[in-house]
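**Q** the following comprises the amino acid sequence and a computationally predicted model.
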Amino acid sequence: MITRLIRKVLGIQDKPAGPRILPADEHGIRRQQISSCALKTTRTLRQSGHAAFVVGGAVRDLLLGREPKDFDVATDATPEEIRRLFRRSRIIGRRFQIVHVYCGDETIEVTTFRASQPDQDEGQDNDSDRVAAEDGMLLRDNVFGGQEDDAARRDFTVNALYYDPETEEIWDNHGGVADARERVLRIIGDPVTRYREDPVRMLRAARFAAKLDFRIAPETRAPIAQLAPMLERIPAARLFDEMMKLLLSGHAERGVHQLRAEGLHHGTLPMLDAILDDPVRRPFLHAALHDTDERIRHDQNASPAFMLACLMWFDMRAETQRQEDAGLPPMAALFQAMDDVLERQRASLAFPRRFDGMIKEIWALQPRFEQRSGSRPYRLLSHPRYRAGYDFLLLRARGGDAPEELADWWTRFQDADEEARASLLQPSQVSGKRPRRRRRGKPGGGGQPDDHAGTGG
(Lines give C-alpha, C1' and ligand atoms only; values in the text may rest on other atoms or scores of the structure.)
Protein backbone atom coordinates (compact mmCIF):
# COMPACT_ATOMS: atom_id res chain seq x y z
CA MET A 1 0.00 0.00 0.00
CA ILE A 2 2.81 2.42 0.93
CA THR A 3 4.72 1.53 -2.22
CA ARG A 4 1.66 2.18 -4.36
CA LEU A 5 1.15 5.58 -2.66
CA ILE A 6 4.78 6.57 -3.28
CA ARG A 7 4.52 5.56 -6.95
CA LYS A 8 1.35 7.63 -7.32
CA VAL A 9 2.94 10.73 -5.70
CA LEU A 10 5.99 10.43 -7.95
CA GLY A 11 3.85 9.90 -11.04
CA ILE A 12 5.19 6.38 -11.67
CA GLN A 13 2.58 4.32 -13.46
CA ASP A 14 2.41 0.56 -13.29
CA LYS A 15 2.40 -1.23 -16.61
CA PRO A 16 -1.20 -2.42 -17.05
CA ALA A 17 -1.81 -6.17 -17.13
CA GLY A 18 -4.59 -5.63 -19.66
CA PRO A 19 -7.54 -3.38 -20.34
CA ARG A 20 -10.32 -2.90 -17.86
CA ILE A 21 -13.50 -3.68 -19.81
CA LEU A 22 -16.53 -1.64 -18.71
CA PRO A 23 -20.05 -2.68 -19.77
CA ALA A 24 -22.58 -0.11 -20.96
CA ASP A 25 -24.32 0.22 -17.60
CA GLU A 26 -21.04 1.44 -16.07
CA HIS A 27 -20.29 4.14 -18.63
CA GLY A 28 -23.64 4.94 -20.29
CA ILE A 29 -22.55 5.17 -23.95
CA ARG A 30 -24.97 3.48 -26.33
CA ARG A 31 -24.53 2.31 -29.89
CA GLN A 32 -27.15 4.82 -31.09
CA GLN A 33 -24.83 7.70 -30.13
CA ILE A 34 -22.20 6.59 -32.66
CA SER A 35 -22.44 7.96 -36.20
CA SER A 36 -23.85 5.60 -38.84
CA CYS A 37 -20.65 5.86 -40.88
CA ALA A 38 -18.49 4.85 -37.90
CA LEU A 39 -20.84 1.93 -37.18
CA LYS A 40 -20.67 0.82 -40.80
CA THR A 41 -16.88 1.06 -40.74
CA THR A 42 -16.44 -1.01 -37.56
CA ARG A 43 -19.02 -3.55 -38.74
CA THR A 44 -17.28 -4.07 -42.08
CA LEU A 45 -13.91 -4.53 -40.37
CA ARG A 46 -15.29 -7.02 -37.87
CA GLN A 47 -17.09 -9.02 -40.57
CA SER A 48 -13.70 -9.35 -42.28
CA GLY A 49 -12.15 -10.81 -39.15
CA HIS A 50 -10.53 -7.67 -37.73
CA ALA A 51 -10.82 -5.95 -34.37
CA ALA A 52 -12.43 -2.50 -34.66
CA PHE A 53 -13.10 0.20 -32.05
CA VAL A 54 -14.30 3.80 -31.97
CA VAL A 55 -11.43 5.56 -30.23
CA GLY A 56 -10.06 8.76 -28.76
CA GLY A 57 -11.89 12.05 -28.56
CA ALA A 58 -15.31 10.71 -29.55
CA VAL A 59 -15.36 8.22 -26.65
CA ARG A 60 -14.02 10.86 -24.27
CA ASP A 61 -16.63 13.43 -25.31
CA LEU A 62 -19.52 10.98 -25.07
CA LEU A 63 -18.32 10.00 -21.60
CA LEU A 64 -18.35 13.71 -20.65
CA GLY A 65 -21.83 14.26 -22.08
CA ARG A 66 -20.54 16.23 -25.08
CA GLU A 67 -21.40 15.81 -28.74
CA PRO A 68 -18.34 14.51 -30.63
CA LYS A 69 -17.05 16.58 -33.52
CA ASP A 70 -16.06 13.46 -35.43
CA PHE A 71 -15.52 9.73 -34.97
CA ASP A 72 -12.22 7.90 -35.39
CA VAL A 73 -11.74 4.13 -35.66
CA ALA A 74 -8.75 1.94 -34.71
CA THR A 75 -8.22 -1.59 -35.99
CA ASP A 76 -5.64 -4.36 -36.37
CA ALA A 77 -6.07 -4.26 -40.17
CA THR A 78 -3.18 -2.68 -42.10
CA PRO A 79 -3.79 0.46 -44.19
CA GLU A 80 -3.70 -1.62 -47.37
CA GLU A 81 -6.24 -4.10 -45.96
CA ILE A 82 -8.52 -1.26 -44.89
CA ARG A 83 -8.27 0.34 -48.30
CA ARG A 84 -9.35 -2.89 -50.02
CA LEU A 85 -12.43 -3.21 -47.79
CA PHE A 86 -13.85 0.23 -48.56
CA ARG A 87 -14.44 1.38 -52.11
CA ARG A 88 -14.68 5.03 -51.09
CA SER A 89 -11.43 5.37 -49.16
CA ARG A 90 -7.84 6.48 -49.57
CA ILE A 91 -4.55 6.17 -47.70
CA ILE A 92 -3.01 9.46 -46.59
CA GLY A 93 0.14 10.44 -44.71
CA ARG A 94 3.77 9.39 -44.84
CA ARG A 95 5.07 9.61 -41.27
CA PHE A 96 1.86 8.08 -39.95
CA GLN A 97 -0.31 6.34 -42.54
CA ILE A 98 -4.06 6.43 -41.98
CA VAL A 99 -7.09 5.68 -44.14
CA HIS A 100 -10.00 8.02 -44.76
CA VAL A 101 -13.29 6.20 -45.29
CA TYR A 102 -16.06 8.28 -46.86
CA CYS A 103 -19.84 7.98 -46.33
CA GLY A 104 -21.57 10.85 -48.07
CA ASP A 105 -20.28 14.05 -46.45
CA GLU A 106 -18.84 12.23 -43.43
CA THR A 107 -15.22 11.07 -43.20
CA ILE A 108 -14.06 8.40 -40.76
CA GLU A 109 -10.34 8.35 -39.96
CA VAL A 110 -9.19 4.74 -39.58
CA THR A 111 -5.80 3.97 -38.04
CA THR A 112 -3.95 0.69 -37.61
CA PHE A 113 -2.91 -0.20 -34.05
CA ARG A 114 0.61 1.18 -33.50
CA ALA A 115 3.28 -0.23 -31.20
CA SER A 116 4.68 1.72 -28.28
CA GLN A 117 8.36 2.66 -28.23
CA PRO A 118 10.68 -0.12 -26.98
CA ASP A 119 12.03 0.59 -23.50
CA GLN A 120 15.56 1.98 -23.68
CA ASP A 121 16.84 -0.43 -21.01
CA GLU A 122 15.79 -3.47 -22.99
CA GLY A 123 18.67 -2.98 -25.38
CA GLN A 124 16.43 -3.15 -28.44
CA ASP A 125 17.38 -1.43 -31.64
CA ASN A 126 14.80 0.87 -33.16
CA ASP A 127 12.86 -0.63 -36.03
CA SER A 128 13.64 0.94 -39.41
CA ASP A 129 10.12 2.41 -39.38
CA ARG A 130 10.51 3.85 -35.89
CA VAL A 131 13.30 6.41 -35.82
CA ALA A 132 14.23 8.67 -32.91
CA ALA A 133 16.74 11.52 -32.67
CA GLU A 134 19.44 11.57 -29.98
CA ASP A 135 17.23 13.66 -27.69
CA GLY A 136 14.43 11.08 -27.86
CA MET A 137 12.16 12.88 -30.31
CA LEU A 138 10.43 10.51 -32.74
CA LEU A 139 11.08 11.31 -36.38
CA ARG A 140 9.03 8.49 -37.88
CA ASP A 141 6.45 6.23 -36.26
CA ASN A 142 4.93 3.46 -38.37
CA VAL A 143 5.31 0.23 -36.38
CA PHE A 144 2.15 -1.83 -36.11
CA GLY A 145 1.12 -3.55 -32.87
CA GLY A 146 -1.86 -4.71 -30.83
CA GLN A 147 -4.62 -2.88 -29.00
CA GLU A 148 -2.63 -2.62 -25.75
CA ASP A 149 0.39 -1.30 -27.66
CA ASP A 150 -1.80 1.26 -29.39
CA ALA A 151 -3.29 2.44 -26.09
CA ALA A 152 0.19 2.83 -24.56
CA ARG A 153 1.44 5.09 -27.34
CA ARG A 154 -1.50 7.52 -27.15
CA ASP A 155 -0.90 10.79 -25.36
CA PHE A 156 -3.39 11.18 -22.48
CA THR A 157 -5.41 8.63 -20.57
CA VAL A 158 -8.76 10.21 -21.55
CA ASN A 159 -7.77 9.90 -25.22
CA ALA A 160 -6.88 6.20 -24.89
CA LEU A 161 -10.41 4.82 -24.55
CA TYR A 162 -11.70 2.18 -26.99
CA TYR A 163 -15.42 1.66 -27.54
CA ASP A 164 -16.71 -1.55 -29.10
CA PRO A 165 -20.04 -0.71 -30.82
CA GLU A 166 -21.01 -4.38 -31.03
CA THR A 167 -20.78 -5.11 -27.30
CA GLU A 168 -21.14 -1.46 -26.14
CA GLU A 169 -18.07 -1.96 -23.94
CA ILE A 170 -15.24 0.49 -23.23
CA TRP A 171 -11.72 -0.92 -23.09
CA ASP A 172 -9.69 1.20 -20.68
CA ASN A 173 -5.99 0.37 -20.37
CA HIS A 174 -4.80 3.41 -18.40
CA GLY A 175 -7.57 4.62 -16.12
CA GLY A 176 -8.98 7.12 -18.60
CA VAL A 177 -12.58 6.68 -17.45
CA ALA A 178 -11.67 7.55 -13.86
CA ASP A 179 -9.58 10.54 -15.01
CA ALA A 180 -12.47 11.79 -17.15
CA ARG A 181 -14.83 11.62 -14.20
CA GLU A 182 -12.31 13.44 -12.00
CA ARG A 183 -11.62 15.92 -14.83
CA VAL A 184 -7.87 15.27 -14.77
CA LEU A 185 -5.57 15.37 -17.79
CA ARG A 186 -2.82 12.80 -17.30
CA ILE A 187 -0.16 11.73 -19.79
CA ILE A 188 0.42 8.02 -20.35
CA GLY A 189 3.86 6.84 -19.26
CA ASP A 190 6.82 8.90 -18.09
CA PRO A 191 6.05 12.58 -18.89
CA VAL A 192 9.64 13.55 -19.71
CA THR A 193 10.05 10.65 -22.12
CA ARG A 194 6.70 11.28 -23.79
CA TYR A 195 7.38 15.01 -24.25
CA ARG A 196 10.83 14.29 -25.64
CA GLU A 197 9.30 11.85 -28.13
CA ASP A 198 6.93 14.55 -29.37
CA PRO A 199 7.17 18.06 -27.85
CA VAL A 200 3.82 19.00 -29.43
CA ARG A 201 2.24 16.94 -26.64
CA MET A 202 2.97 19.89 -24.34
CA LEU A 203 0.83 22.14 -26.53
CA ARG A 204 -1.86 19.47 -26.64
CA ALA A 205 -1.85 19.35 -22.84
CA ALA A 206 -2.58 23.07 -22.70
CA ARG A 207 -5.23 22.83 -25.43
CA PHE A 208 -7.08 19.86 -23.95
CA ALA A 209 -6.98 21.31 -20.44
CA ALA A 210 -8.61 24.48 -21.77
CA LYS A 211 -11.07 22.72 -24.07
CA LEU A 212 -12.24 20.17 -21.49
CA ASP A 213 -11.87 22.46 -18.46
CA PHE A 214 -9.61 19.84 -16.87
CA ARG A 215 -6.76 20.33 -14.44
CA ILE A 216 -3.39 19.00 -15.58
CA ALA A 217 -2.06 16.30 -13.24
CA PRO A 218 1.00 17.59 -11.31
CA GLU A 219 3.39 14.97 -12.73
CA THR A 220 2.12 15.72 -16.25
CA ARG A 221 2.63 19.46 -15.83
CA ALA A 222 5.96 19.47 -13.98
CA PRO A 223 8.41 18.92 -16.90
CA ILE A 224 6.73 21.34 -19.34
CA ALA A 225 8.58 24.50 -18.31
CA GLN A 226 11.96 22.76 -18.63
CA LEU A 227 11.22 21.03 -21.95
CA ALA A 228 9.35 23.89 -23.67
CA PRO A 229 12.45 24.90 -25.72
CA MET A 230 12.16 21.57 -27.56
CA LEU A 231 9.28 23.10 -29.52
CA GLU A 232 11.92 24.93 -31.56
CA ARG A 233 12.70 21.63 -33.28
CA ILE A 234 9.13 21.05 -34.45
CA PRO A 235 8.46 21.84 -38.15
CA ALA A 236 6.88 25.28 -38.51
CA ALA A 237 3.86 23.99 -40.40
CA ARG A 238 3.00 21.49 -37.65
CA LEU A 239 3.36 24.14 -34.94
CA PHE A 240 1.07 26.49 -36.84
CA ASP A 241 -1.55 23.76 -37.27
CA GLU A 242 -1.49 23.05 -33.54
CA MET A 243 -1.85 26.74 -32.70
CA MET A 244 -4.81 27.10 -35.04
CA LYS A 245 -6.46 24.11 -33.35
CA LEU A 246 -6.15 25.99 -30.06
CA LEU A 247 -7.27 29.39 -31.39
CA LEU A 248 -10.19 27.93 -33.34
CA SER A 249 -11.21 25.34 -30.75
CA GLY A 250 -14.13 27.30 -29.36
CA HIS A 251 -12.11 27.73 -26.15
CA ALA A 252 -9.39 30.07 -27.38
CA GLU A 253 -9.75 32.60 -24.58
CA ARG A 254 -9.07 29.98 -21.92
CA GLY A 255 -6.50 28.25 -24.13
CA VAL A 256 -4.36 31.34 -24.60
CA HIS A 257 -4.17 31.86 -20.83
CA GLN A 258 -3.35 28.16 -20.34
CA LEU A 259 -0.61 28.42 -22.95
CA ARG A 260 0.88 31.40 -21.19
CA ALA A 261 0.57 29.80 -17.75
CA GLU A 262 2.64 26.84 -18.95
CA GLY A 263 5.25 29.12 -20.55
CA LEU A 264 4.63 27.60 -23.99
CA HIS A 265 3.78 30.81 -25.82
CA HIS A 266 7.42 31.85 -26.17
CA GLY A 267 7.94 29.26 -28.90
CA THR A 268 4.55 29.72 -30.55
CA LEU A 269 2.89 33.05 -29.72
CA PRO A 270 5.58 35.28 -28.18
CA MET A 271 3.41 38.32 -28.97
CA LEU A 272 1.06 37.30 -26.16
CA ASP A 273 3.24 38.90 -23.49
CA ALA A 274 3.08 42.28 -25.21
CA ILE A 275 -0.69 42.05 -25.68
CA LEU A 276 -1.76 40.61 -22.33
CA ASP A 277 0.54 42.85 -20.30
CA ASP A 278 -0.66 46.01 -22.07
CA PRO A 279 -3.94 47.42 -20.67
CA VAL A 280 -4.59 49.12 -24.03
CA ARG A 281 -4.20 45.99 -26.15
CA ARG A 282 -5.64 43.41 -23.75
CA PRO A 283 -9.37 44.29 -24.13
CA PHE A 284 -9.18 43.98 -27.92
CA LEU A 285 -7.55 40.53 -27.74
CA HIS A 286 -10.15 39.33 -25.23
CA ALA A 287 -12.93 40.63 -27.48
CA ALA A 288 -11.44 38.83 -30.50
CA LEU A 289 -10.96 35.53 -28.65
CA HIS A 290 -14.38 35.67 -27.02
CA ASP A 291 -16.21 36.42 -30.26
CA THR A 292 -14.30 33.72 -32.11
CA ASP A 293 -15.28 31.22 -29.43
CA GLU A 294 -18.93 32.28 -29.72
CA ARG A 295 -18.91 31.91 -33.50
CA ILE A 296 -17.50 28.40 -33.33
CA ARG A 297 -19.95 27.35 -30.62
CA HIS A 298 -22.77 28.52 -32.90
CA ASP A 299 -21.35 26.60 -35.90
CA GLN A 300 -20.32 29.74 -37.77
CA ASN A 301 -17.22 30.00 -39.94
CA ALA A 302 -13.90 31.01 -38.41
CA SER A 303 -10.83 31.96 -40.40
CA PRO A 304 -7.21 31.68 -39.25
CA ALA A 305 -6.45 34.82 -41.26
CA PHE A 306 -8.92 36.88 -39.24
CA MET A 307 -7.41 35.69 -35.96
CA LEU A 308 -3.91 36.46 -37.22
CA ALA A 309 -5.06 39.94 -38.21
CA CYS A 310 -6.27 40.45 -34.64
CA LEU A 311 -3.05 39.18 -33.05
CA MET A 312 -0.81 41.43 -35.16
CA TRP A 313 -3.02 44.53 -35.37
CA PHE A 314 -1.26 46.64 -32.76
CA ASP A 315 2.20 45.74 -34.04
CA MET A 316 1.09 46.81 -37.50
CA ARG A 317 -0.28 50.13 -36.24
CA ALA A 318 2.92 50.87 -34.30
CA GLU A 319 4.99 50.04 -37.38
CA THR A 320 2.80 52.32 -39.50
CA GLN A 321 3.49 55.18 -37.13
CA ARG A 322 7.23 54.48 -37.30
CA GLN A 323 7.11 54.57 -41.09
CA GLU A 324 5.21 57.88 -41.05
CA ASP A 325 7.72 59.34 -38.59
CA ALA A 326 10.42 58.32 -41.07
CA GLY A 327 8.76 60.47 -43.73
CA LEU A 328 6.48 58.10 -45.68
CA PRO A 329 2.99 59.32 -46.65
CA PRO A 330 0.18 57.65 -44.64
CA MET A 331 -0.92 55.09 -47.25
CA ALA A 332 2.64 54.19 -48.22
CA ALA A 333 3.48 53.83 -44.52
CA LEU A 334 0.48 51.55 -44.02
CA PHE A 335 1.38 49.17 -46.82
CA GLN A 336 5.07 49.10 -45.88
CA ALA A 337 4.12 48.36 -42.28
CA MET A 338 1.85 45.50 -43.31
CA ASP A 339 4.65 43.83 -45.27
CA ASP A 340 7.22 44.34 -42.51
CA VAL A 341 5.02 43.03 -39.68
CA LEU A 342 3.85 39.97 -41.60
CA GLU A 343 7.43 38.93 -42.38
CA ARG A 344 8.65 39.62 -38.87
CA GLN A 345 5.88 37.63 -37.20
CA ARG A 346 6.12 34.81 -39.74
CA ALA A 347 9.57 34.05 -38.35
CA SER A 348 8.02 33.01 -35.03
CA LEU A 349 4.52 31.82 -35.96
CA ALA A 350 5.27 30.55 -39.48
CA PHE A 351 1.81 31.08 -40.92
CA PRO A 352 1.31 30.39 -44.66
CA ARG A 353 1.58 33.26 -47.11
CA ARG A 354 -1.84 32.42 -48.50
CA PHE A 355 -3.34 34.27 -45.50
CA ASP A 356 -1.48 37.51 -46.25
CA GLY A 357 -4.04 38.80 -48.73
CA MET A 358 -7.02 38.63 -46.37
CA ILE A 359 -5.01 39.99 -43.43
CA LYS A 360 -3.89 43.00 -45.45
CA GLU A 361 -7.38 43.68 -46.78
CA ILE A 362 -8.87 43.66 -43.28
CA TRP A 363 -6.22 46.09 -42.07
CA ALA A 364 -6.41 48.33 -45.13
CA LEU A 365 -10.19 48.66 -44.80
CA GLN A 366 -10.03 50.15 -41.31
CA PRO A 367 -9.13 53.73 -42.36
CA ARG A 368 -11.90 53.61 -44.97
CA PHE A 369 -14.54 53.18 -42.26
CA GLU A 370 -13.72 56.71 -41.13
CA GLN A 371 -14.91 58.06 -44.50
CA ARG A 372 -18.66 58.59 -44.17
CA SER A 373 -19.47 61.10 -46.89
CA GLY A 374 -20.42 61.05 -50.56
CA SER A 375 -20.17 57.74 -52.43
CA ARG A 376 -17.30 56.30 -50.37
CA PRO A 377 -19.49 54.39 -47.87
CA TYR A 378 -21.44 52.85 -50.76
CA ARG A 379 -18.25 51.67 -52.44
CA LEU A 380 -16.99 50.19 -49.18
CA LEU A 381 -20.21 48.19 -48.76
CA SER A 382 -19.55 46.43 -52.05
CA HIS A 383 -15.98 45.46 -51.16
CA PRO A 384 -15.49 41.63 -51.13
CA ARG A 385 -14.00 41.81 -47.62
CA TYR A 386 -16.46 44.34 -46.23
CA ARG A 387 -17.96 41.86 -43.78
CA ALA A 388 -14.60 40.83 -42.35
CA GLY A 389 -13.51 44.46 -42.12
CA TYR A 390 -16.78 45.47 -40.46
CA ASP A 391 -16.53 42.68 -37.87
CA PHE A 392 -12.95 43.74 -37.19
CA LEU A 393 -14.19 47.30 -36.61
CA LEU A 394 -16.79 46.03 -34.12
CA LEU A 395 -14.05 44.22 -32.19
CA ARG A 396 -11.94 47.36 -32.15
CA ALA A 397 -14.88 49.32 -30.76
CA ARG A 398 -15.52 46.72 -28.05
CA GLY A 399 -11.85 46.74 -27.14
CA GLY A 400 -11.68 50.52 -26.95
CA ASP A 401 -9.51 50.87 -30.06
CA ALA A 402 -12.19 52.58 -32.20
CA PRO A 403 -15.11 54.90 -31.33
CA GLU A 404 -18.31 53.04 -30.54
CA GLU A 405 -20.15 55.76 -32.43
CA LEU A 406 -18.28 54.80 -35.61
CA ALA A 407 -19.21 51.11 -35.30
CA ASP A 408 -22.83 52.01 -34.51
CA TRP A 409 -23.00 54.28 -37.57
CA TRP A 410 -21.85 51.51 -39.91
CA THR A 411 -24.28 49.04 -38.34
CA ARG A 412 -27.16 51.42 -39.02
CA PHE A 413 -25.88 52.38 -42.48
CA GLN A 414 -25.51 48.83 -43.77
CA ASP A 415 -29.01 47.82 -42.57
CA ALA A 416 -30.83 50.96 -43.79
CA ASP A 417 -32.71 51.50 -47.05
CA GLU A 418 -31.45 53.98 -49.62
CA GLU A 419 -33.33 56.98 -48.27
CA ALA A 420 -32.21 56.35 -44.70
CA ARG A 421 -28.64 55.88 -45.85
CA ALA A 422 -28.61 59.25 -47.53
CA SER A 423 -29.79 60.84 -44.29
CA LEU A 424 -27.00 59.10 -42.36
CA LEU A 425 -24.19 60.64 -44.42
CA GLN A 426 -22.44 63.23 -42.32
CA PRO A 427 -24.24 66.56 -42.97
CA SER A 428 -21.08 68.61 -43.36
CA GLN A 429 -19.78 66.23 -46.01
CA VAL A 430 -22.90 65.35 -48.03
CA SER A 431 -22.21 65.85 -51.71
CA GLY A 432 -24.73 67.42 -54.02
CA LYS A 433 -24.84 64.33 -56.17
CA ARG A 434 -27.01 61.41 -55.05
CA PRO A 435 -25.34 58.03 -55.16
CA ARG A 436 -26.49 55.73 -57.93
CA ARG A 437 -29.18 53.20 -57.03
CA ARG A 438 -27.88 49.65 -56.61
CA ARG A 439 -29.55 47.38 -59.16
CA ARG A 440 -29.01 43.98 -57.62
CA GLY A 441 -29.02 42.38 -54.22
CA LYS A 442 -30.01 43.67 -50.83
CA PRO A 443 -28.79 47.21 -50.17
CA GLY A 444 -25.72 47.17 -48.02
CA GLY A 445 -23.77 44.30 -49.44
CA GLY A 446 -25.91 41.79 -47.55
CA GLY A 447 -24.65 39.05 -49.83
CA GLN A 448 -21.00 39.35 -48.82
CA PRO A 449 -19.46 36.06 -47.68
CA ASP A 450 -19.12 35.50 -43.94
CA ASP A 451 -15.71 33.81 -44.14
CA HIS A 452 -13.93 34.97 -41.05
CA ALA A 453 -13.70 34.66 -37.33
CA GLY A 454 -15.28 37.72 -35.82
CA THR A 455 -18.62 38.89 -34.54
CA GLY A 456 -21.89 37.62 -35.90
CA GLY A 457 -23.00 41.06 -37.06
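**A** Cool, got the structure. What you are looking at is a predicted structure, and each value in this text was computed from that prediction instead of being measured.
**Q** so residue 115 sits right up against residue 148, yeah?
**A** No - contact between residue 115 and residue 148 fails when scored by Cβ atoms under 8 Å: they sit 9.8 Å apart. Yep, even glycine has a C-beta here, placed from its N, CA and C like the rest.
**Q** what's the closest non-adjacent residue to residue 412?
**A** In space, residue 412 comes closest to residue 424 once its chain neighbours are excluded; the distance is 6.3 Å by Cβ to Cβ, 6 or more residues apart in numbering.
**Q** mind listing what that neighbour touches?
**A** 372, 409, 412-413, 416 (Cβ atoms under 8 Å, 6 or more residues apart in numbering).
**Q** same thing with residue 398?
**A** Neighbour list for residue 398: 283-284, 287 [criterion: Cβ under 8 Å, 6+ apart].
**Q** so can I have CSV of the residues you listed showing neighbour count?
**A** Formatted as CSV, the contacts of residue 398 follow (neighbours: other Cβ atoms under 10 Å):
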residue, neighbour count
283, 16
284, 22
287, 22
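**Q** can you tell me which of the residues you listed end up in helices?
**A** Secondary structure assignment by DSSP state H places 283-284, 287 of the contacts of residue 398 in helices.
**Q** and those residues, which is closest to residue 111?
**A** Taking Cβ to Cβ as the measure, residue 111 sits nearest to residue 287 out of these, at 39.0 Å.
**Q** one step back: may I see the ChimeraX selection of the buried members of the contacts of residue 424?
**A** Entered in ChimeraX, the line below selects the buried ones among the contacts of residue 424, by 16 or more other Cβ atoms under 10 Å:
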select :372,409,413
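**Q** for residue 63, state which of the contacts of residue 424 is nearest.
**A** Of the contacts of residue 424, the one sitting nearest to residue 63 (Cβ to Cβ) turns out to be residue 412, at 47.7 Å.
**Q** which of the helices or strands spans that closest one?
**A** Using DSSP states H and E, residue 412 maps to helix 404-415.
**Q** I'd like the next helix or strand past that helix.
**A** helix 418-424.
**Q** now for residue 325, how many residues are close by?
**A** 9 (other Cβ atoms under 10 Å).
**Q** can you check the one 4 residues further on too?
**A** Using other Cβ under 10 Å, residue 329 has 9 other residues around it.
**Q** report the rounded mean pLDDT for the helix holding residue 412.
**A** Mean per-residue pLDDT for helix 404-415: 97.
**Q** repeat that for stretch 206-216.
**A** 95.
**Q** and if you look at stretch 269-277?
**A** 77.
**Q** show me what counts as buried in that stretch.
**A** Neighbour counts over stretch 269-277 (16+ other Cβ under 10 Å) mark 269, 271-272, 275-276 as buried.
**Q** residue 21 and residue 257, how far apart?
**A** Per Cβ to Cβ, to the nearest Å, residue 21 is found 38 Å from residue 257.
**Q** what does residue 209 give?
**A** On the measure of Cβ to Cβ, residue 209 and residue 257 end up 11 Å apart.
**Q** who has more neighbours, the two?
**A** Applying other Cβ under 10 Å to residue 209 and residue 257 shows that residue 209 carries more neighbours, namely 25 against 17.
**Q** where in this protein is pLDDT low?
**A** Counting by pLDDT under 70, the chain contains low-confidence ranges at 1-17, 116-142, 267, 427-457.
**Q** spatially central residue for it, please.
**A** Central residue check for the chain by Cα atoms, centre = their mean: the C-alpha nearest the mean position is that of residue 245, 1.1 Å away.
**Q** residues contacting it?
**A** By Cβ under 8 Å, 6+ apart, the residues touching residue 245 are residue 207.
**Q** for residue 276, same thing?
**A** Applying Cβ under 8 Å, 6+ apart, the residues near residue 276 are 256, 260, 282, 285.
**Q** can those go into CSV with extra columns for distance to residue 166 and neighbour count?
**A** Below are the contacts of residue 276 laid out as CSV (distance: Cβ to Cβ, whole Å; neighbours: other Cβ atoms under 10 Å):
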residue, distance to residue 166, neighbour count
256, 42, 23
260, 45, 16
282, 52, 14
285, 48, 23
